[in-house]
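In: Starting from these lines, generate the structure:
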Amino acid sequence: MAIYQNKNKDGKVISTKDGRSWYFRDYYFDIYGKKKQYKSPYYSSKKETQEAERKWLDKINNQHNLSSKNITFISAFEEWQDFKKTQIKASTHYGLVTRTDKHIKIFFKDYKLHFIKLDTINSWYKKLEKQTYSVEYKNDLISYLKDFLMYCIDNYDFDAKIVSKIHKFRNDSPKEKKTDAEINFWTCDEWKQFINIVDNYDYQVMLNFLYYTGLRFGEFAALNWKDFDIVNKTISVTKNLTTKIKEQKYIITTPKTKNSNRIVDLDDNLYNMLVEYKQYKKERSYKFKDSDFIFGNSVNYIAKTTFERHLKNYINKIENLKAITPHGFRHSHVSLLINLGCDNRDVAERIGDTVEIVEKTYYHMFPKKKKETVNVLNN
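Out: Now for the predicted structure:
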């Protein structure tokens, strides 16, 4: 808050014809957080200006409260989605927007925020309950709604009592759903059967690379030749490529977690394969650079949809071979390491996860190893 008297550069007071020279100038934030400036008309005295400023501030506060009460659900919701962009990765934000637009925004779009009461939310809840999605997926949507309304409590004085009464679904199903790691992988024998029929050189290298490193597909797609250390026979994993963004072909981000930043040792066979593959790429590109994608070139990366299409075509050539996804190569790599007797800590470090996550995700693979431990003791 600041009160001034209108003066020229020499400090002489400049008044209007009726003697007014005092004014106030204030900054304020609108409901979207944008800073704005207001300069008042001129007044006859400092005291009159102070009184005018007090009334103006009261009016601004009342307008802000009124605007907050009249704000539409859509305005607040899109503001929340933009806010979440600053807190999570671009690919995660893409998934958040996609799901919340489809399941939350479309339901509440015609409401004003403060017209949403518990009965409205219960109607949405019942509609969601009838959907065939998994309980986990439904509860994720409930979490999104609660997170949004918590944002509205802080910014728009939304009723906290309503939010406190929103609960997640209980999962009373007696059936235990198998995890992705339990079904989406190949044994060593299945892998050998598969790779023997792959007749494309690029895909021979890519498939071997994924099976013998266990990289996530985004990490794999983001690799440049400068990440390949020919002297030390390693690959540096320091980035992730994602296409789950709007209005861009792709972006390179940091890896999924802190543990994902790692250096992966290459076995001799895969190392030799990469050395030969690099030479193969050099001979076919007069503009070859170490900044080129390993599995692509200076411009193009290996698209997941393209990779999936080729993978499916090869799988279909083998009768009764179980289908897996690109992420299944990660599970297959862990399965291979566990069955070779590798230490859990080494496995976790190699795939960029914690020991706890490895043991939890791949627990089903350990009973065989436990049996072998007993046999060692018996022997």
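
In: pLDDT below threshold where in this protein?
Out: Along the chain, segments meeting pLDDT under 70 span 1, 29-35, 61-69, 172-178, 246-248, 298, 366-379.

In: if we go to 50?
Out: 31-33 (pLDDT under 50).

In: can you map out the strands along it?
Out: Secondary structure of the chain (DSSP state E): strands at 2-5, 22-29, 35-39, 228-229, 234-237, 240-242, 251-253, 262-265.

In: Quick check: which of those is buried the most?
Out: With neighbours defined as mean count of other CB atoms under 10 Å, those peak in mean count at strand 240-242, which reaches a mean of 21. For every residue, glycine as well, the C-beta is placed using N, CA and C.

In: returning to that earlier point: can you redo the strands of the chain as a markdown table with distance to residue 329?
Out: Shown next, in a markdown table, are the strands of the chain (distance: least, CB to CB, whole Å):
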| stretch | distance to residue 329 |
| --- | --- |
| strand 2-5 | 65 |
| strand 22-29 | 51 |
| strand 35-39 | 51 |
| strand 228-229 | 19 |
| strand 234-237 | 15 |
| strand 240-242 | 16 |
| strand 251-253 | 21 |
| strand 262-265 | 14 |
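
In: Between those strands, which one is closest to residue 133.
Out: Distance to residue 133, taken as CB to CB, is lowest for strand 240-242 among the strands of the chain, at 23.7 Å.

In: Please name every helix or strand in contact with that closest one.
Out: Where contact means 3 or more CB pairs under 8 Å, 6 or more residues apart in numbering; DSSP states H and E, strand 240-242 is packed against helix 90-100, helix 217-222, strand 251-253.

In: try 6 Å
Out: Contact here means 3 or more CB pairs under 6 Å, 6 or more residues apart in numbering; DSSP states H and E; on that basis strand 240-242 packs against helix 217-222.

In: The helix it packs on: how far from the chain's middle?
Out: Between the centre of helix 217-222 and the centre of its host chain there is 15 Å, according to CA atoms, centre = their mean, to the nearest Å.

In: Just the C-alpha atoms of that helix, please, in CSV.
Out: In CSV, the C-alpha atoms belonging to helix 217-222 read as follows (Å, rounded to 0.1, in the frame of the first residue of the first chain):
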residue,chain,number,x,y,z
PHE,A,217,11.7,-49.0,-23.0
GLY,A,218,11.9,-45.2,-22.4
GLU,A,219,15.5,-45.6,-21.2
PHE,A,220,16.3,-47.8,-24.2
ALA,A,221,14.8,-45.4,-26.7
ALA,A,222,16.7,-42.4,-25.3
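
In: What helices and strands are in contact with that helix?
Out: Applying 3+ CB pairs under 6 Å, 6+ apart, we find helix 217-222 packed against strand 240-242.

In: so what strands line up beside the strand it packs on?
Out: With DSSP bridges as the test, strand 240-242 is paired with strand 251-253 (antiparallel).

In: contacts for the strand it pairs with?
Out: The list of residues contacting strand 251-253 from outside it, by CB atoms under 6 Å, 6 or more residues apart in numbering, reads 89-90, 222, 239-241, 245.

In: mind putting these in CSV, distance to residue 348 included?
Out: Output for the contacts of strand 251-253, formatted as CSV (distance: CB to CB, whole Å):
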residue, distance to residue 348
89, 22
90, 26
222, 21
239, 20
240, 18
241, 23
245, 29
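
In: Neighbour-wise, give me the winner out of the residues you listed.
Out: Counting neighbours by other CB atoms under 10 Å, residue 222 leads the contacts of strand 251-253 with 25 neighbours.

In: Of all the strands of the chain, which one is nearest residue 113?
Out: strand 22-29 (18.7 Å).

In: What separation do you get for the most centrally placed residue in the chain and residue 255?
Out: In the chain, the centroid-proximal residue (CA atoms, centre = their mean) is residue 92; its distance is 1.8 Å. Going from residue 92 to residue 255 by CB to CB, to the nearest Å gives 13 Å.

In: just residue 342 next, same as before
Out: 22 Å.

In: Among those two, which residue is more densely surrounded?
Out: Between residue 342 and residue 255, residue 255 has the larger neighbour count (other CB under 10 Å), namely 20 against 13.

In: residues contacting that one?
Out: Residue 255 touches 240, 261, counting by CB under 6 Å, 6+ apart.
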